[in-house]
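A.B. asks: Dropping the sequence and predicted coords here.
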Amino acid sequence: MKNIFMLVAIFISMATKAQVMKVYLQASGLTCSMCSNAINKSLKTLDFVDKIDADVKRYTFELSFKSNSSVDFGKIKRKVEDAGFSVSSFVASIDFDNVQFKSDQPVRIGGNTLLFVNLKDQALSGETMVRLVDKGFISSKEYKGNSFSKSRTDEGVYHVSL
Amino acid sequence: MKPLFIIIFALLSVTMWSQELFSVTEPASNRAARSVGIRVDNSIMDELGTSGINYHLIPEIMVGISKKFMVSAGIFFSNRSGVFRYEGGSVYAKYRFLSKDAVQKHFRMASFGRISYNNSDVHQEEINMCGHNTGVEWGIVVTQLLRKVALSSSLSVLKATDNGNNNKFVYGLDNGKAINYAFSMGKLMLPKEYRGYQQTNLNMMLEFLGQVNTGSGKYYMDIAPSVQMIFNSQARVDIGYRKQLSTTLLRSAPNGFFVRLEYNFFNAL
């Protein structure tokens, strides 16, 4: 029982000490600007998205978020897929306030639960880029090659690497 | 034939390719989910053996139901009977069942079907579900996007029945079935480098369209080069010319210009 309380305490404290600042994603499966625009317009419908900077040449989108909003990584991915395309790279910039991590322990940040795949027990401070490595957030080629592909987690838990 | 090979060679030799928003056929890719598109197709075809022009007008509405499924519905108008009038309509659906995406690449496959109604007289052996025959069509389309190259091929089976207003399919029941096949290439000419959504895109298309009647064995083969402009990454104008290369099927007006106007509303639903 004590452990559960400890865990809950850790979750709550971590949730308040880290914030998703930005998401940088690259879309795949397209060349034309009309396709890129379809993704751009689709992403704009997300209520937690404040601003999108689209680079038509590189098929990248930089998403900024409304303050105090709950950023949902899964919803972002689904909006790209709704437009008819895929995500080939998904990097989140997260502002950590001296958050202590333990390997294999999920942490809750905003509306997402993250599981670091290559992190030793350490503290993270400041704006840090984390890369999602689950299916649908990386290219299918990379997904097939990574070792986390078989380790299934519950819905809403994302594997990330630094 | 020589100019044709020059055109094909010119298209193949330019390094920048793109766009699978073909003018005559549809790609395996689908519309964005919850988007609505309005399309107006105009065909200005030379009627063989006369000085007449057959003008066909097809306004169409297209809806992206989900990322994999779209439907569209069009209404046929034409002056072929001597007066410009309503002649029918069709409903089209497409389901994308395979999609392999990579940066600037994809390989996709889709299945499509069309149900058409037409109330005018059956006036040619060619079976055409877009403004001439009542019937059904079902097919498969495969599209490959390779950086800026888009190649697409489709195969479909058609079955024509009697047209409306008691207009019989006069070429015999056995000759009411056909196979359509198409090969399409598309290429981005401008802009050389993307900077934003406001840049006008210029695409060039070259499509080959064939039909074989499974009853009579008669066929036709057409070529359709076209130029496409995309404005504001939202509106589209295609201007092309469809030319018969060869035929053994009786056709009334195989050659002519076409102009397609399209406007897309994203997140409309």
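C.D. replies: Cool, got the structure.

A.B. asks: Surely residue A:118 is in a helix?
C.D. replies: No - counting by DSSP: H, G, I helix; E, B strand; the rest coil, residue A:118 falls outside a helix, being coil.

A.B. asks: where's it relative to residue A:22, distance?
C.D. replies: Going from residue A:118 to residue A:22 by CB to CB, to the nearest Å gives 21 Å. C-beta coordinates here come from the backbone N, C-alpha and C atoms, glycine included.

A.B. asks: Looking at the two, which has the bigger crowd around it?
C.D. replies: residue A:22 (18 against 11; other CB atoms under 10 Å in any protein chain shown).

A.B. asks: ok, residue B:29 touching residue B:109?
C.D. replies: No - in this structure, residue B:29 is not within contact of residue B:109 by CB atoms under 8 Å, at 10.2 Å.

A.B. asks: now check stretch B:22-32, is it near chain A?
C.D. replies: Yes - with CB under 8 Å from any CB of the partner chain as the measure, stretch B:22-32 is seen reaching chain A through B:29, B:30, B:31, B:32.

A.B. asks: Please identify which of those is nearest to chain A.
C.D. replies: Distance to chain A, by CB to the nearest CB, is smallest for residue B:32 among these, at 4.2 Å.

A.B. asks: Using the three-state scheme, assign the closest one.
C.D. replies: coil.

A.B. asks: Next, count neighbours for it.
C.D. replies: Here the number of neighbours of residue B:32 (other CB under 10 Å) works out to 27.

A.B. asks: if I look at residue B:29 and residue B:109, which residues touch both of them?
C.D. replies: B:96, B:143 (CB atoms under 8 Å, 6 or more residues apart in numbering or on different chains).

A.B. asks: Which of these two has more residues huddled nearby?
C.D. replies: Neighbours were counted for residue B:29 and for residue B:109 using other CB under 10 Å; residue B:29 has more, 25 against 15.

A.B. asks: any idea whether the more buried one is helix, strand or coil?
C.D. replies: Residue B:29 - assigned by three-state DSSP - is coil.

A.B. asks: cool, residue A:36 as well?
C.D. replies: Here residue A:36 is helix, with the state taken from three-state DSSP.

A.B. asks: Report the contact partners of the residue in the stretch 101-250 of chain B that chain A sits nearest to.
C.D. replies: Residue nearest to chain A within the stretch 101-250 of chain B: residue B:101 (3.2 Å; CB to the nearest CB). For residue B:101, the contact set (CB under 8 Å, 6+ apart) comprises A:28, A:29, A:85, A:86, A:88, A:140.

A.B. asks: Just the element for it, please.
C.D. replies: Applying DSSP states H and E as the criterion places residue B:101 in strand B:85-102.

A.B. asks: What are the buried residues along the helix or strand just after that strand?
C.D. replies: Once the chain leaves strand B:85-102, the next helix or strand it forms, by DSSP H and E, is strand B:105-118. Under the neighbour-count criterion of 16 or more other CB atoms under 10 Å in any protein chain shown, strand B:105-118 has B:105, B:106, B:107, B:108, B:110, B:111, B:112, B:114, B:116, B:117, B:118 buried.

A.B. asks: Neighbours of residue 81, how many?
C.D. replies: Since no chain was named, I'll use chain A. The burial count for residue A:81: 21, using other CB under 10 Å.

A.B. asks: wrong one, chain B
C.D. replies: 13.

A.B. asks: Same check on residue B:222?
C.D. replies: A total of 20 residues lie near residue B:222 under the criterion other CB under 10 Å.

A.B. asks: Quick check: it touching residue B:242?
C.D. replies: Yes - with contact defined as CB under 8 Å, residue B:222 reaches residue B:242; the gap is 5.6 Å.

A.B. asks: anything in contact with each of these two?
C.D. replies: B:209, B:254.

A.B. asks: Who are the packing partners of whichever strand or helix holds residue B:135?
C.D. replies: Per DSSP H and E, residue B:135 falls inside strand B:134-146. Judged by 3 or more CB pairs under 8 Å, 6 or more residues apart in numbering or on different chains; DSSP states H and E, strand B:134-146 is in contact with strand B:105-118, strand B:149-161.

A.B. asks: rewinding a little: spatially, which residue comes closest to the residue of the stretch 101-250 of chain B closest to chain A, not counting chain neighbours?
C.D. replies: With CB to CB, 6 or more residues apart in numbering or on different chains as the criterion, residue B:101 has its nearest non-adjacent residue at 3.2 Å, and that residue is residue A:29.
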